[in-house]
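Participant: Make a model of this:
(3 chains)
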Amino acid sequence: MAKLDLSKAKYAKLKKFIDENQGETCGLMPVLHQAQEIFGCIPIEVQKFISEELNVSVAEIYGVVTFYSRFSTEPVGEYVIGVCLGTACYVKGAQKIIDDIGSKLNIKPEQTTKDGKFTLTATRCIGACGLAPVITINDDVYGRLTPDQIPEILSKYTDELEGE
Amino acid sequence: MQFYRAHVLICGGTGCVSSKSHELKAEMEKELKALGIDNEVQIVMTGCFGLCEAGPIVIVYPEGTFYSQVKIKDAKRIVTEHLYKGRIVKDLLYYESIQQDKIKAVNEVDFYAKQKRIALANCGVIDPENIDEYIALDGYQALIKVLTQMKPEDVIEEIKLSELRGRGGAGFPTGLKWDIASQYKDDMKYVCCNADEGDPGAFMDRSILEGTPHSVLEAMAIAGYATGAKKGYIYVRAEYPIAVKRLQIAIKQAKEYGLLGEDIFDTNFSFDIEIRLGAGAFVCGEETALIESIEGKRGMPRTKPPFPAEKGIWGKPTLLNNVETFANIPLIILKGGEWFSKIGIEGSKGTKVFALGGKIKNTGLVEVPMGMTLREVIYDIGGGCPNGKEFKAVQTGGPSGGCLTKEHLDTPIGYDNLVKLGSMMGSGGMIIMDEDTCMVDIARYFLDFTCEESCGKCTPCREGTKRLKELLDRFCTGKGTFEDLDRLESLAYYIQDNSLCNLGQSAPNPVISTLTHFRDEYLAHVVDRRCPTGVCKALLQYTITDKCIGCGSCAKVCPQECIEPVGKVINEKTNRRAYVIDHTKCIKCGACIEACPPKVSAIITQ
Amino acid sequence: MKKSIADLAKIRQETLRKIQLRDKEDTNCRIVVGMGTCGISAGARPCLSAIVDEVHKRGLSNIQIVQTGCVGMCRLEPMFDVYVGNEKVTYVNMTPEKSRQVVVEHIVNKRVIQEYTIGEVEK
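Facilitator: Now for the predicted structure:
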């Protein structure tokens, strides 16, 4: 499982964001986006914190967090592999790509490897249909993929980690 | 101000950025500097050129030379050969722009020559992060015209005259929508831009935001003036980081110039825009769900009426339009509604942007006049299916649309025509499928999508889509029966009639349209337990033919150990026998096919 | 800085001149400079820079300045063609100074400088 860091500094950062945007009818969403970015996920502890700050019930916050796929309640791996399963990618064989990555990493979609390195997830269309099929690994995008390129791409990330 | 003799336009759309166009720009700048011509040649990152297939794309003006798939190592050659010595680097040209040694400029290439660009007019021409370039091409002139010469009702009249219809899917007349929104009086009113482009395979809204964000800002301000709103929201998907960034820059620049904010052009009109990020929920493209989401709630649709025009964001009157709809507004104001209404066909005026994807040669974005036939779009512009495969169907309208077949290719594209054929315009995704695509599998794919994206508020959609998907799963795994086929059909119509919002009402469309046009494929799955295209793995059967030489390579690799030499005798002397697969144990992994010596190729799937 | 409508018009005009180059259909004049190896070694590059500079200084718009390869008369380099409409005039043995004169006379004042043209020089 990936590590979860709930340090005070991070809470302070979130508090700062909330304070700066107070007064506006800014709603819950921007705060949750911020929290997801700071903590990497929005666990119940953070939800309680936001509840106190915004005076919104935890139940409501939990409802919103679990509704949207961008928010997660559990930490994700260091590298998030998103396989686009938009129509264009699907027609061009994205299912095989996600199956292959899954079997290579020994996880199913929406799971994280035991060492916390990779999380595999199926994403919705990222709009790079011209390059289908497409995967993203954190901020890197790989397009026009064929299954035989997968080991090489993954090794870039595993080697990088071992080198550290 | 520096004058440049040549301009190098590099595509900065998501597709080309993924193919490293930023690095390419840096490399070219370095090379220009090395030759000391960096003050003669300007490099500009533009929005999407539309032909994503050929990315990264580089266009050099004044010649209009069209380079495609430019690698970083090619930067040096373009700079030294073309920009320094004036020799076009022929082997980097887009394949179609060079014919019999004659080099065509970018606007003469078939892909572009047939297009008509209104919403995308500035896309790929200007630097989207530079407001001055937008202003140079008549940017914000429409806003000036509206604020200084027109009354709000004149503006609405002009939009009505243009017969523009919403480009997000449903095709509601825009002028009428503005008119209704303008009639509700309240202390606060809103204009909202729906940029939650969730249809898989549609990316025109993203490209507009990335390529010409100011067009949308200008149009929203005009809409604010026409309907009496002071505040605008753009609800954009968080999956589009480049679009979000460009919007932020554009809003900042417009505020600096006083084109947004208080008292614009000293006319007492004030308008401000804020960005709201989506969080990965398809249903938020539905207008009332979007409003819920902006308010910080679960994005579940509300019952209508009241429509957003009456009670929208925070319960206040709200005008909601799609990105592409807004992008048409400035030109309609400048050139007049009548000009716009002359383009297109009855009931569908102007142009529409389509995202071509799937099994088609030129994947990318095209903007064509309404009324062009599907054939022209798919073959003349899109180049047809690659690798000589046969065209089978085109899916329009995303998960809410349907599949059209060969017989429909000569249909002029328009809102009503597509609905008549059981599909819809939708936001403009066009996914092309060839002979290798299984239509049952595609229907299952879309149901998988809607099933997961159903918000869960109403039962027909929440439970119905799940049952539909389960039925389709049965077909794909060879368990489907004739009763299932009947159930599938009746359930599909039930969901269509009884769901709360458009997501549910249109979710069965992919099933209904494939059932109508490709019933024989469903029947093949039921009667013959066979998938004609070989996509549904569970229906494949691996068989060893007479070509078997009895080498046993396949048996060695079989993880199930279900291949044994029990076939007919091949060699009388040694009593060697052909191998046979036990279909009850076979898991269809395909290992045997790979193990069979290529010269023999005795194993086939059918 | 908040801009007025007049400010906007000014920005529009200035920027348009800069980016007009990207409109293929709107050109009234083309200057094609020979930039083969021969041209470059004979000094075509400073001529090109001079043309660019002069065109800019005079605020001329809709002018394409492009390069081409060797046309086979290397002894007359640096040379360039000026196209106005369908008319083509070839200037040879150019220098940066002469190049500027051509821009001013030929393009601004619409007078061909006969003595620099290939017809005169080759007599």
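Participant: Check what pLDDT residue 44 gets.
Facilitator: No chain was given, so I picked chain A. In this model, residue A:44 is scored at 94, pLDDT.
Participant: The chain in question should be chain C.
Facilitator: pLDDT at residue C:44 comes out at 88.
Participant: can you pull out the helices in the stretch 101-250 of chain B?
Facilitator: Ranges of helices within the stretch 101-250 of chain B are B:110-113, B:131-136, B:141-149, B:152-162, B:174-183, B:204-211, B:213-227, B:241-256, based on DSSP state H, counting those that start in this stretch.
Participant: Sorry, slip of the keys, the one I care about is chain C.
Facilitator: Under the criterion DSSP state H, chain C contains helices at C:5-19, C:37-42, C:44-57, C:96-102, C:118-121.
Participant: List just the one of those that sits closest to chain A.
Facilitator: Checking those against chain A by Cβ to the nearest Cβ gives helix C:5-19 as the closest, at 25.8 Å. Where C-beta positions appear, they are placed from N, C-alpha and C, glycine not excepted.
Participant: So which residues make contact with that closest one?
Facilitator: B:1-4, B:7, B:125-126, B:132-133, B:135-141, B:144, B:148, B:257, B:265, C:3, C:59, C:61 (Cβ atoms under 8 Å, 6 or more residues apart in numbering or on different chains).
Participant: before we move on, the earlier item: okay, the helices of chain C, which one's buried deepest?
Facilitator: Mean neighbour count (mean count of other Cβ atoms under 10 Å in any protein chain shown) peaks for helix C:44-57 among these, with a mean of 20.
Participant: picking that back up, quick one, which of the helices of the stretch 101-250 of chain B is nearest to residue B:438?
Facilitator: Residue B:438 sits nearest to helix B:204-211 of all these, at 27.7 Å, using Cβ to Cβ.
Participant: Please see if that closest one touches chain A.
Facilitator: Yes. Remark: helix B:204-211 sits within contact range of chain A at residue B:206, by Cβ under 8 Å from any Cβ of the partner chain.
Participant: And the average pLDDT for that helix is what?
Facilitator: Here the average pLDDT along helix B:204-211 is 92.
Participant: from the chain's centre, how far out does it sit?
Facilitator: Centre-to-centre, helix B:204-211 and its host chain are 11 Å apart (Cα atoms, centre = their mean, to the nearest Å).
Participant: what's the angle from it to helix B:213-227?
Facilitator: 110 degrees (axes from the mean of the first three to the mean of the last three Cα atoms, to 10 degrees).
Participant: Output the contacting helices and strands for helix B:204-211.
Facilitator: If contacts are counted by 3 or more Cβ pairs under 8 Å, 6 or more residues apart in numbering or on different chains; DSSP states H and E, helix B:204-211 sits against helix B:213-227, helix B:241-256, helix B:323-335, strand B:351-358.
Participant: That helix to helix B:323-335, inter-axis angle?
Facilitator: Per the same axes, to 10 degrees, the angle that helix B:204-211 makes with helix B:323-335 is 60 degrees.
Participant: which outside residues touch helix B:204-211?
Facilitator: A:127, B:12-14, B:46-48, B:50, B:119-120, B:122-124, B:128, B:195, B:197, B:215-216, B:236-237, B:240, B:242-243, B:246-247, B:322-324, B:327, B:353-355, B:365, B:427-428.
Participant: And stretch C:66-77, by the same measure?
Facilitator: By Cβ under 8 Å, 6+ apart, stretch C:66-77 touches B:6, B:62-63, B:85-87, C:30-39, C:41-44, C:48, C:79, C:92-93, C:118, C:121-122.
Participant: Pull up the distance across that stretch, start to finish.
Facilitator: Taking Cα to Cα, to the nearest Å, stretch C:66-77 runs 16 Å from one end to the other.
Participant: Please state the offset of it from the chain centre?
Facilitator: Worked out by Cα atoms, centre = their mean, stretch C:66-77 lies 15 Å from the chain centre.
Participant: next one: stretch A:112-128
Facilitator: With Cα atoms, centre = their mean, you get 7 Å for stretch A:112-128.
Participant: Dump that stretch to PDB, restricted to CA.
Facilitator: C-alpha atoms of stretch A:112-128 as PDB (Å, rounded to 0.1, in the frame of the first residue of the first chain):
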ATOM      1  CA  THR A 112      -2.200  -0.600  -6.400                       C
ATOM      2  CA  THR A 113       0.900  -2.900  -6.500                       C
ATOM      3  CA  LYS A 114       2.000  -4.200  -3.100                       C
ATOM      4  CA  ASP A 115       5.100  -2.000  -3.100                       C
ATOM      5  CA  GLY A 116       3.000   1.100  -3.700                       C
ATOM      6  CA  LYS A 117       4.800   1.900  -7.000                       C
ATOM      7  CA  PHE A 118       2.000   1.600  -9.500                       C
ATOM      8  CA  THR A 119      -1.700   2.100  -9.500                       C
ATOM      9  CA  LEU A 120      -3.500   0.900 -12.600                       C
ATOM     10  CA  THR A 121      -6.700   2.700 -13.500                       C
ATOM     11  CA  ALA A 122      -9.000   2.900 -16.500                       C
ATOM     12  CA  THR A 123      -9.600   6.600 -17.400                       C
ATOM     13  CA  ARG A 124     -12.200   8.200 -19.500                       C
ATOM     14  CA  CYS A 125     -11.300   9.900 -22.700                       C
ATOM     15  CA  ILE A 126      -8.400  12.300 -22.300                       C
ATOM     16  CA  GLY A 127      -9.100  13.800 -25.700                       C
ATOM     17  CA  ALA A 128      -5.900  12.600 -27.400                       C
END
